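# Give the three-dimensional model of this entry:
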Amino acid sequence: MDTTEARRDLAAALRFTARLGMHESIANHFSLAVSDDGQRFLMNPYGRHWSKMRASDLLELDARDNVETGSNVDPTAFAIHGALHRNVPHAHCVMHLHSKYATALACLEDPTMAPIDQNTMRFYNRVAIDDGFDGMGLGDEAERIGRALGNHSVMIMGQHGVLVVGPSVAQCFDDIYYFERAAETYITALSTGRPLRVATPEIAEKTARQWADYPGFAEKHFAAVRDILDEDEPEYRD
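Residues are numbered from 1 along each chain as shown. The predicted structure follows:
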């Protein structure tokens with residue numbers, strides 16, 4: 001991908017995530033590899049609010065570098081995203097959020113999401129669960145997160161939040177958006193205290209495969225997001 005469009009995609013994802021109320025002000029980070037080996041990546045800078053992000057604001061970093069304290073690179077973000085870009089070949093794009101419902105799910109003793117609707121079924125047997133939280137994600141913790149992810153693309157980070165990796169901004173945005181929607185439905189259903197109607201493993205797996213095979217969905221979803229921002233907030237492209 002052209003680096004200019006890569007920057008615009010990532011800035012658009014950050015801005016629209018803020019619109020959806022899934023961000024945490026200047027915390028949490030999205031990153032995108034821009035080199036063939038995945039080691040050089042774009043990431044949002046420390047201190048810039050997501051709702052104001054521009055393509056030119058994004059930092060280009062090297063996962064093999066050391067980041068100096070006091071720079072405009074968030075040290076926890078660089079530790080986590082740098083470790084993922086170094087060690088996880090399928091983590092071309094990385095999105096990490098403390099979104100409301102995914103984080104509530106991550107705080108449950110058992111954060112497994114039951115397949116109760118087609119959004120929760122999308123993630124059936126497809127989510128890594130990390131229950132080894134050991135602080136803010138610096139040093140050994142960052143390396144451990146990559147190992148816990150394994151070959152999955154979505155991970156519930158126990159007592160922390162959610163992490164999604166994938167081949168593109170469009171795919172990761174679609175996954176993290178629908179994971180939050182699924183978690184919202186599940187947490188809301190649990191809050192009623194009434195029995196859940198849980199799909200059979202066969203139906204849940206069938207639905208998950210249908211989601212995976214749905215033609216062009218993530219790309220069309222993200223193109224629609226960029227269309228909105230092109231009209232309402234075109235400065236994100238600068």
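
# Tell me if Thr103 really is in a helix.
Yes - assessed by DSSP: H, G, I helix; E, B strand; the rest coil, Thr103 belongs to a helix.

# Leaving out sequence neighbours, find the closest residue to it.
Leaving aside its chain neighbours, Thr103 sits nearest to Gly161 (5.0 Å; criterion: Cβ to Cβ, 6 or more residues apart in numbering). From N, CA and C alone the C-beta is placed, and that goes for glycine too.

# per-residue confidence at the one you found?
Predicted confidence (pLDDT) for Gly161: 96.

# what residues are up against it?
By Cβ atoms under 8 Å, 6 or more residues apart in numbering, the contact list for Gly161 reads Asn28, His96, Leu97, His98, Ser99, Ala102, Thr103, Ala106.

# how close does it sit to Lys52?
As judged by Cβ to Cβ, to the nearest Å, Gly161 and Lys52 stand 22 Å apart.

# Gly21 now?
Going from Gly21 to Lys52 by Cβ to Cβ gives 16 Å.

# which residues of the chain score low on pLDDT?
1, 68-70, 137-139 (pLDDT under 70).

# By residue count, what's the longest helix in it?
helix 169-191 (DSSP state H).

# helices or strands up against it?
helix 3-19, strand 29-33, strand 93-97, helix 100-106, helix 118-122, strand 161-166, helix 217-232 (3 or more Cβ pairs under 8 Å, 6 or more residues apart in numbering; DSSP states H and E).

# Any chance of those in TSV with distance to Ala148 as columns?
As requested, these are exported to TSV (distance: least, Cβ to Cβ, whole Å):
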stretch	distance to Ala148
helix 3-19	23
strand 29-33	18
strand 93-97	13
helix 100-106	13
helix 118-122	21
strand 161-166	9
helix 217-232	24
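
# what about the ones you listed, which gets the closest to Gly47?
Ranking these by proximity to Gly47 (Cβ to Cβ) places strand 29-33 first, at 12.0 Å.

# Which elements pack onto that closest one?
So strand 29-33, by 3+ Cβ pairs under 8 Å, 6+ apart, packs with helix 3-19, strand 40-43, helix 75-87, strand 93-97, helix 169-191.

# C-alpha coordinates for stretch 76-87, CSV please?
The C-alpha trace of stretch 76-87 is given here as CSV (Å, rounded to 0.1, in the frame of the first residue of the first chain):
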residue,chain,number,x,y,z
THR,A,76,3.7,1.1,26.9
ALA,A,77,2.3,1.4,23.4
PHE,A,78,5.7,1.0,21.8
ALA,A,79,6.5,-2.0,24.0
ILE,A,80,3.3,-3.8,23.1
HIS,A,81,3.0,-2.9,19.4
GLY,A,82,6.8,-3.2,18.9
ALA,A,83,6.8,-6.7,20.3
LEU,A,84,3.8,-7.7,18.1
HIS,A,85,5.4,-6.3,14.9
ARG,A,86,8.7,-8.0,15.8
ASN,A,87,7.3,-11.4,16.7
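
# Now do that stretch: distance to the chain's middle.
Centre-to-centre, stretch 76-87 and its host chain are 13 Å apart (Cα atoms, centre = their mean, to the nearest Å).

# Likewise for stretch 189-204?
25 Å.

# Select from the contacts of Gly161 the one having the most neighbours.
Ala102 (29 neighbours; other Cβ atoms under 10 Å).

# which residues does the residue nearest to that one when sequence neighbours are not counted form a beta bridge with?
Leaving aside its sequence neighbours, Ala102 sits nearest to Val162 (Cβ to Cβ, 6+ apart; 3.9 Å). Beta-bridge partners for Val162, by DSSP bridges, are Leu97, Ile156.

# rewinding a little: which one's more surrounded, Gly21 and Lys52?
Ranked by neighbour count (other Cβ under 10 Å), Gly21 and Lys52 place Lys52 first, with 14 against 10.

# Noted, bye for now.
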